[in-house]
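[1] got a predicted model here, sequence first, then my questions.
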Number of protein chains: 8
Amino acid sequence: MKITVYLAGHIHGNWRDEFIDNAKAKNLPIEFVGPQPNHDLSDGIGEKVLGDQPAKRYKDDAASDINNFRTQVLLQKADVVIALFGEKFKQWNTAMDASMAITLQKPTIIIRPESLIHPLKELSNKANVTVETPEQAIDVLDYLFL
Amino acid sequence: MKITVYLAGHIHGNWRDEFIDNAKAKNLPIEFVGPQPNHDLSDGIGEKVLGDQPAKRYKDDAASDINNFRTQVLLQKADVVIALFGEKFKQWNTAMDASMAITLQKPTIIIRPESLIHPLKELSNKANVTVETPEQAIDVLDYLFL
Amino acid sequence: MKITVYLAGHIHGNWRDEFIDNAKAKNLPIEFVGPQPNHDLSDGIGEKVLGDQPAKRYKDDAASDINNFRTQVLLQKADVVIALFGEKFKQWNTAMDASMAITLQKPTIIIRPESLIHPLKELSNKANVTVETPEQAIDVLDYLFL
Amino acid sequence: MKITVYLAGHIHGNWRDEFIDNAKAKNLPIEFVGPQPNHDLSDGIGEKVLGDQPAKRYKDDAASDINNFRTQVLLQKADVVIALFGEKFKQWNTAMDASMAITLQKPTIIIRPESLIHPLKELSNKANVTVETPEQAIDVLDYLFL
Amino acid sequence: MKITVYLAGHIHGNWRDEFIDNAKAKNLPIEFVGPQPNHDLSDGIGEKVLGDQPAKRYKDDAASDINNFRTQVLLQKADVVIALFGEKFKQWNTAMDASMAITLQKPTIIIRPESLIHPLKELSNKANVTVETPEQAIDVLDYLFL
Amino acid sequence: MKITVYLAGHIHGNWRDEFIDNAKAKNLPIEFVGPQPNHDLSDGIGEKVLGDQPAKRYKDDAASDINNFRTQVLLQKADVVIALFGEKFKQWNTAMDASMAITLQKPTIIIRPESLIHPLKELSNKANVTVETPEQAIDVLDYLFL
Amino acid sequence: MKITVYLAGHIHGNWRDEFIDNAKAKNLPIEFVGPQPNHDLSDGIGEKVLGDQPAKRYKDDAASDINNFRTQVLLQKADVVIALFGEKFKQWNTAMDASMAITLQKPTIIIRPESLIHPLKELSNKANVTVETPEQAIDVLDYLFL
Amino acid sequence: MKITVYLAGHIHGNWRDEFIDNAKAKNLPIEFVGPQPNHDLSDGIGEKVLGDQPAKRYKDDAASDINNFRTQVLLQKADVVIALFGEKFKQWNTAMDASMAITLQKPTIIIRPESLIHPLKELSNKANVTVETPEQAIDVLDYLFL
């Protein structure tokens, strides 16, 4: 049995690559998918496809059309969703993705530092599992196959 | 035809009371529901029902059990969800409520100031309507009955 | 038992008023709902709520946000959907409303003149009943209560 | 990860073949499906299977039985739906397919020329992405795999 | 709490009237709905609304359009479905209604004489309760309110 | 807004009457429903309706047909499910009712003494709220209306 | 693209083998599944697994448990359902299977002789396609791949 | 056609290994999944991933987060669920898993000794098939492929 995992969360740094490398090191039979990791491409994809927009808000709307399309395709094919929250960035779309996953009854893991326990308490409470580090999330995935 | 509207969003100040008063002034046939508006009661309801918890994170978890119970009962009975975002507070549970509503195909309106266009672009894009002020949201509700 | 009927279709002329009057003359226990019947208001509601938009296409997009919101609220509360097609106008949103209703397993009646049999054949085929005149649609509603 | 894309839209000309060739040129891992592209076969399939019908409208009804069957089988297996609208033809079944896809929460792209912005505004507004050319739709598909 | 019960089954004789009278004698808070009980009207409703059809099979198809519309409206509003089978008539639409109800998770009671145990064994097995007489079915409804 | 609460759990003693009395003393706008509280009637309802059965297991099967019918009707109409577990009795049908409610996304409260934390840990974990006494469950219901 | 087809209908004669052979002769990429074709095994499977039952009706009930289990497993995996009706046998479980399939939105084809148009008119009307011979049903399947 | 079977039930002894060996001996095309079979690991997985907890009930809660995550991933991928009940242990999570499976319309088999007929009568009644031994359950699986 092979499963597909969607990695929701911000697209700064290279946490996804590390996460996938660590899972591969354990030989877990998992295919990983997620949002567009290139931040400039993610913000600019609307104008890249549709051409210049009349103002920043229309550029943003055009990009989010296409980013939401990507998320909906990939998240619907996923068996598990993992959402990473950090202290920087507003990350409302991470909360949106996690809540969509939970409402669709996708098994969901949240990763967040101890400092975010209070503002994330309702979302953690609805997710299946909440952990503090990516390594712990990989331990949970590993447990599926033990 | 009477409809029920769930008012998601932070529980600081008295924006809900003003919102409901303004809707009443237009004689809209709407019943409003929402989260517990008393902030101390909302944070403390877990210990109030279950007694003292061993640490703050367990107090938070007990409270969010009961707050999520309330939200699930009331939001499932709603015909429309309105979610208010502001510049203060993290408001991840507002994003969670809006995303749950959208995924359940509840018609949803987002209210946010112009300064939040960029971080809310994906959520705005999935909602039915995004406006900048509570008055505009009432105009949209009013349009249902014209 | 009282039922709610959503009257999808173009918003020119006064066919909805006549339809509702004829149903009332038969004392059918039905509440009728439908799209905004004032054509100028329907096209302008986006700018009326959100202010001027940078171009016609943005005006259209703002209006359709709010018109789709209205349709989703009212059509989800309906027990039956009736969709009127005529020879004028493209009426793609009528087709969209009828198809949404059928996919949601709402019982659906299509009204179309004989001249439109061929272009509407797939949609007619999926609807429960297809008739040629509003009077025939009222006969079908009447049959629910015989 | 391989995905399946349903290409809704009229069956005149060879736009589907060009679309598929252009996607293949980018090596996208996509299987394309769609309606019967042979127009005479599509219109005549009812009589071909069931024999002569008593009038044109019964011929149309028999054909749409089988065309709707085909659409339902293939569209339900699709991960993504793309719907092309043009200035010719009424294309109500394209609108029907797009609306069914959106209601089933299939990620959906609409392709339409600038001249059709107004009549398609409600449907565009509900789709994930609206573009003006097939090339732009392929760019959106391409973005899934970047 | 008031419930709605759909009485599926053949439309010969007056078994529905007797059933409803017996339930009323027990003061059960139930509203009963069901198919059109007038057999001639049921078979002829298609031509009555749409005019003469070219052959008997088209008359049948037009009638079943409207009878299925009626069933879908009323059965979707029901909390409970009761299906009566007897030794006469093929009653495939009774089996169809019972199976639709069971698949939609509507609580379902089947009434059938002992002689039909074998041919109805799969359907009985999927229904909640199978009894032999209408009086027994009323006893089961009565039990809801004890 | 009035809500309906299904009280799952064993049918020994009079805990339901006390529960309902305590809720009434708080003037909560709640209608309570639940399983047949008369234990002998609950075990014997199959033979009472269908006559003597050939052995105890068939008597049990006939009774459970009708008890499951009652549960399905009433639990589907409930907005909230409360399940009481105690140290006596196996109460597998209480676990069944709670799990059905949770899977149907009904907001659910579990009441269990401290001694049952370990064997109920998975079910508690999936429910919205777990408390130790009926009074605490009433406090949670009360919180809906504060 | 490969599809799975469930062949519902009576289990007398060898119509399924012929059907599958004819489909294979056209090289259609289809896997066929269906009910247990051995009539004695189908009727006796309950006692074969569970041992002797106290009367014929209990033997029937035990068999239908297992036959319904088989149908539910295989029909849920199917992309298409084909249901054959003939003049002999009551075939209520064929009607049950077809109605379950239609309610689950599985594309469905009914095969029935001309003599059964009237008693099957409601079920035919809800199915996607109704034909008179197995060869015509294969033509419809063939059309999926043209 | 290959199917996936989830084996719910207690995790004492080696009944799952025997079950799988017996199925393999019949060459059934089945992949088996189930809960974590190592009892100490199952009870301790919460602390193993998240570190020491402040009391036994928090250890239990942390473990059940992860065990429920595992169950949800694997049971949602299963085509069939088999639940074993025995005379020892409370097994409320077995009842929870079986009820979740039945509510999700997964075909379900219950295995229980004759002594448990009475306390399991409602759950048996909702499952597709109830047998007394694992061998009988394998006979039912075998019947899928005959």
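    Good, I have the coordinates. Numbering: from 1, shown residues only, chains lettered A, B, ... in the order given.

[2] A:Asp139 reaches H:Glu47, doesn't it?
    No - between A:Asp139 and H:Glu47 there is no contact under C-beta atoms under 8 Å: 11.6 Å. In this view, the C-beta of every residue, glycine as well, is placed from N, C-alpha and C.

[3] and the nearest residue to A:His10 once chain neighbours are set aside, helix, strand or coil?
    Closest residue in space to A:His10, ignoring its immediate chain neighbours: A:Phe89 at 5.1 Å, by C-beta to C-beta, 6 or more residues apart in numbering or on different chains. Judged by DSSP: H, G, I helix; E, B strand; the rest coil, the three-state class of A:Phe89 is coil.

[4] and if you look at A:Ile11?
    coil.

[5] could you confirm A:Thr71 falls within a helix?
    Yes - counting by three-state DSSP, A:Thr71 is part of a helix.

[6] next up, the contacts around it.
    By C-beta atoms under 8 Å, 6 or more residues apart in numbering or on different chains, the contact set of A:Thr71 is A:35, A:97, B:122.

[7] same thing but 10 Å
    Taking C-beta atoms under 10 Å, 6 or more residues apart in numbering or on different chains as the criterion, A:Thr71 is in contact with A:6, A:8, A:33-36, A:64, A:93, A:96-97, A:100, B:122, B:126, D:107, D:128.

[8] would you put the C-alpha positions of the helix or strand containing A:Asn125 in PDB?
    A:Asn125 is part of helix A:121-126 when elements are defined by DSSP states H and E. C-alpha atoms of helix A:121-126 as PDB (Å, rounded to 0.1, in the frame of the first residue of the first chain):
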ATOM      1  CA  LYS A 121      -5.900  25.600  19.800                       C
ATOM      2  CA  GLU A 122      -9.100  25.200  17.900                       C
ATOM      3  CA  LEU A 123      -7.400  23.900  14.800                       C
ATOM      4  CA  SER A 124      -5.100  21.500  16.700                       C
ATOM      5  CA  ASN A 125      -8.200  20.200  18.500                       C
ATOM      6  CA  LYS A 126      -9.900  19.300  15.200                       C
END
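
[9] that helix vs chain F: in contact?
    Yes - for helix A:121-126, a contact with chain F is found by C-beta under 10 Å from any C-beta of the partner chain, at A:125-126.

[10] and the residue of chain A at minimum distance from chain C, helix, strand or coil?
    Closest residue of chain A to chain C, C-beta to the nearest C-beta: A:Pro54 (4.4 Å). Following three-state DSSP, A:Pro54 is assigned to coil.

[11] how close does the closest residue to it other than its chain neighbours sit to chain F?
    Sequence neighbours aside, C:Pro54 is the residue nearest to A:Pro54 in space, at 4.4 Å (criterion: C-beta to C-beta, 6+ apart). From C:Pro54 across to chain F, the span is 42 Å (C-beta to the nearest C-beta, to the nearest Å).

[12] who does the helix holding A:Asn125 touch, helix- and strand-wise?
    When contacts are defined as 3 or more C-beta pairs under 10 Å, 6 or more residues apart in numbering or on different chains; DSSP states H and E, helix A:121-126 sits against helix A:92-103, strand A:108-111, strand A:129-131, helix B:56-77, helix B:92-103.

[13] reformat the ones you listed as CSV; add mean pLDDT.
    Output for these, formatted as CSV (pLDDT from 0 to 100):
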stretch, mean pLDDT
helix A:92-103, 97
strand A:108-111, 98
strand A:129-131, 98
helix B:56-77, 96
helix B:92-103, 97
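
[14] quick check: residues of chain A near chain F?
    A:103, A:105, A:125-126, A:128.

[15] for the residue of chain A closest to chain C, what are its contacts?
    C:53-55, C:57-58.
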